[in-house]
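[1] Just a sequence and a predicted model for now, questions to come.
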Amino acid sequence: GEAPVSKTTGAPFAVAPQKIDVSAQKRFTALPGGAEVMNLSGVTAGDSVGVLLRGINGSVPQSTTLDSLTIAEPGAGSNERFFGADLIFGGFDNGNLAAIWPAGATGAKLTWTYGDATTGEADVAAGEPLPAPAAGKTVAGFSVAFTGAIEPGASSEIRYRLDSNSDESFVAPGKTTGSLKNAIDVTGKKAGLPDDTDNAAATVSYVAPSIKVSIDKRVGPGTVLPGQDVVVQLDTKAETSGGRTKPTEIVVEDRLGAAGTFWDAFDAKQILPPITRPSGSGTPATQADLTIRYQQADGTWADLATNPAENAPITVPNGAIGLRFVYTNDDGFSQISYVKPNISFEARTTLRSDASKPTAGAFDAPVRYENTAVADATGKLDERTVTGHADDKKIVGIRGTENGTGPGPGGLWASKAWNDGSLT
């Protein structure tokens, strides 16, 4: 036979030193069932959101088995409002215990920090739910330290509910907090190795509920003779912002102001159709109730009609000095709602406040009367009442006749001018 042949070869091999590499993740979720996001915006003050904290031990060779994995909330760089009177710890979500406990953990220590500068601790057995804080205490922060032999690649996912304050001391009506940063710190430890800490943040912003009211008062024609009619239209819009806030009442009012203003020179004659009532936002949608009231000469208010027919005019009692339209819907109006009362008036011959004074000026110098209408809307968010207000003014003139000639109540004249771009 032949002589045996052999060769020797080699390859470099080095044993890397052990190290720790942990990472943190922070997310917010809209409730219920919202997606995980790093920037959650437009949350209505008073509503709750979900918070997700993740602590992850890296895989081999980036990391090794840990003696402990700690998640601390809030972490460095968090807005000072986490936690306190405005942003409130609302309790752990223990619905998925397998996700809470990292592989290899045999127990955990939960440490609470309270708003009164005291602390509390709880030892938690592996697989058990995370307990609630002490009764009557305001949580300022917490940390969960999982102990045992935390495996490479293991992770913990802690969820809790974050409540918020609906009071305007937190967010003023119609305003926003801007983005509030909330961070966590995740720390991995193993005897004989340097600790490793990672920080991760997400943001959430809150808006306060508000109701924006606008009223567009339109009057036509803009100048009349005594005894002639004008039509007043009170186009009103109520629009809410801030999530689930909806108006439940809209009030439109037109009444006598000071002497020398519109109602001093005009008498309300009829409420004109269509007399509509908006539908609400419920399921099924419900039509609003409408109560029409009139102000009597002594200043008191009396009911004129409730939920009147849409297409029939309503006569206004003689001597009325104001009208009020009250639309209500306990289920809430839509977030954008419109109402539109229409009223006909007749120009008086003399002032209501002084029967010795005529309402009209010269033919080429009509007397101008200012007419102001107001609109108010009211809604509710939990225990917080939300209101909005608007007013609008228009000027109407009463002129005398030119040389006192012509048919009708005071002579013949001709003029044309649009007081508003359109009237319906």
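    Received the coordinates, thanks. Residues are numbered from 1 along each chain as shown.

[2] Can you tell me the element residue 53 falls in?
    strand 49-57 (DSSP states H and E).

[3] partners of that strand in the sheet?
    strand 22-30 (antiparallel), strand 155-164 (antiparallel) (DSSP bridges).

[4] how about those in TSV, adding mean neighbour count?
    Bear in mind the C-beta positions are built from the backbone N, C-alpha and C, glycine included. Listed next are those as TSV, based on neighbours: other C-beta atoms under 10 Å:
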stretch	mean neighbour count
strand 22-30	20
strand 155-164	19
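
[5] returning to what we had before: now the following helix or strand past the strand holding residue 53: average pLDDT?
    For strand 49-57, the following helix or strand on the C-terminal side (DSSP H and E) is strand 66-73. For strand 66-73, the mean pLDDT works out to 98.

[6] in its sheet, what does strand 66-73 sit against?
    Sheet pairing of strand 66-73 (DSSP bridges) gives strand 139-150 (antiparallel), strand 180-189 (antiparallel).

[7] Please enumerate the strands of the stretch 251-400 of the chain.
    With DSSP state E, counting those that start in this stretch as the criterion, the stretch 251-400 of the chain has strands at 266-271, 289-295, 301-306, 314-315, 322-328, 336-339, 342-347, 367-381, 384-398.

[8] helices or strands next to the fourth one in the packing?
    In terms of contact count using 3 or more C-beta pairs under 8 Å, 6 or more residues apart in numbering; DSSP states H and E, strand 314-315 is assigned the packing partners strand 266-271.

[9] And the first one, by the same measure?
    Counting contacts by 3+ C-beta pairs under 8 Å, 6+ apart, strand 266-271 packs against strand 314-315, strand 342-347.

[10] ok, residues contacting it?
    229-230, 292, 294, 304-305, 313-316, 318, 320, 323, 341-348, 369, 396 (C-beta atoms under 8 Å, 6 or more residues apart in numbering).

[11] Filter the residues you listed down to the buried ones.
    230, 292, 294, 304-305, 314, 316, 320, 323, 341-348, 369, 396 (16 or more other C-beta atoms under 10 Å).

[12] The spatially most central residue of the chain: what's it in contact with?
    Note on the chain: the residue nearest the mean C-alpha position is residue 242, at 1.3 Å, using C-alpha atoms, centre = their mean. Residues near residue 242 by C-beta under 8 Å, 6+ apart: 44, 45, 174, 207, 208, 209, 210, 381, 386.

[13] now it, nearest residue through space, not along the chain?
    Nearest residue to residue 242, sequence neighbours excluded (C-beta to C-beta, 6 or more residues apart in numbering): residue 209, at 3.3 Å.

[14] From what I see, that neighbour and residue 385 are in contact.
    No. Counting by C-beta atoms under 8 Å, residue 209 stays clear of residue 385, with 9.8 Å between them.

[15] Those two: who's more crowded?
    Regarding residue 209 and residue 385, a neighbour count based on other C-beta atoms under 10 Å identifies residue 209 as having more, with 26 against 11.

[16] And the nearest residue to residue 85 once chain neighbours are set aside, what's its pLDDT?
    Closest residue to residue 85 apart from its sequence neighbours, by C-beta to C-beta, 6+ apart: residue 165 at 6.2 Å. Note for residue 165: predicted pLDDT of 92.

[17] got the contact list for residue 165?
    45, 46, 85, 86, 87, 88.

[18] Kindly reformat those residues as TSV and extend each row with neighbour count and pLDDT.
    Output for these, formatted as TSV (neighbours: other C-beta atoms under 10 Å; pLDDT from 0 to 100):
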residue	neighbour count	pLDDT
45	27	89
46	23	88
85	12	93
86	21	96
87	24	97
88	18	97
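
[19] Considering those, which is situated nearest to residue 74?
    Comparing those against residue 74 with C-beta to C-beta places residue 87 closest, at 9.5 Å.

[20] Quick check: that closest one touching residue 164?
    Yes. Contact between residue 87 and residue 164 holds when scored by C-beta under 8 Å: they sit 5.9 Å apart.

[21] Need the overlap of contacts for these two.
    By C-beta under 8 Å, 6+ apart, residue 87 and residue 164 have no common neighbours.

[22] OK, contacts around residue 41?
    179, 204, 205.

[23] Of the residues you listed - the most surrounded one?
    That'd be residue 204 among those, by other C-beta under 10 Å, with 25 neighbours.

[24] ok, now how distant is the spatially closest residue to residue 191 that is not a sequence neighbour from residue 189?
    Of all residues not flanking residue 191 in the chain, residue 67 sits nearest, at 6.0 Å (C-beta to C-beta, 6+ apart). For residue 67, the distance to residue 189 equals 5 Å [C-beta to C-beta, to the nearest Å].

[25] What is the neighbour count of residue 362?
    For residue 362, the count of nearby residues is 11 (other C-beta under 10 Å).

[26] correct me, but it touches residue 399?
    Yes. Between residue 362 and residue 399 a contact is recorded at 7.1 Å, counting by C-beta under 8 Å.

[27] Endpoints of stretch 147-164, how far apart?
    One end of stretch 147-164 to the other measures 33 Å (C-alpha to C-alpha, to the nearest Å).

[28] Stretch 359-375 now?
    28 Å.

[29] Likewise for stretch 71-83?
    For stretch 71-83, the separation between the terminal residues is 16 Å (C-alpha to C-alpha).

[30] List the buried residues in it.
    Buried positions in stretch 71-83, judged by neighbour count with 16+ other C-beta under 10 Å: 71, 72, 73, 74, 75, 78, 79, 81, 82, 83.

[31] The second one: what's it in contact with?
    To tie it back to what came earlier, the one meant is residue 72. Taking C-beta under 8 Å, 6+ apart as the test, what residue 72 contacts is 141, 142, 143, 184, 185, 186, 187.

[32] try 6 Å this time
    By C-beta atoms under 6 Å, 6 or more residues apart in numbering, the contact set of residue 72 is 143, 185.

[33] Same check on the fourth one?
    By C-beta under 6 Å, 6+ apart, the contact list for residue 74 reads 82, 141, 182.

[34] Report the contact partners of the nearest residue to residue 349 once chain neighbours are set aside.
    Spatial nearest neighbour of residue 349, chain neighbours left out: residue 226 (4.6 Å); criterion: C-beta to C-beta, 6+ apart. Listed by C-beta under 6 Å, 6+ apart, the contact set of residue 226 reads 347, 349, 359, 360, 409.
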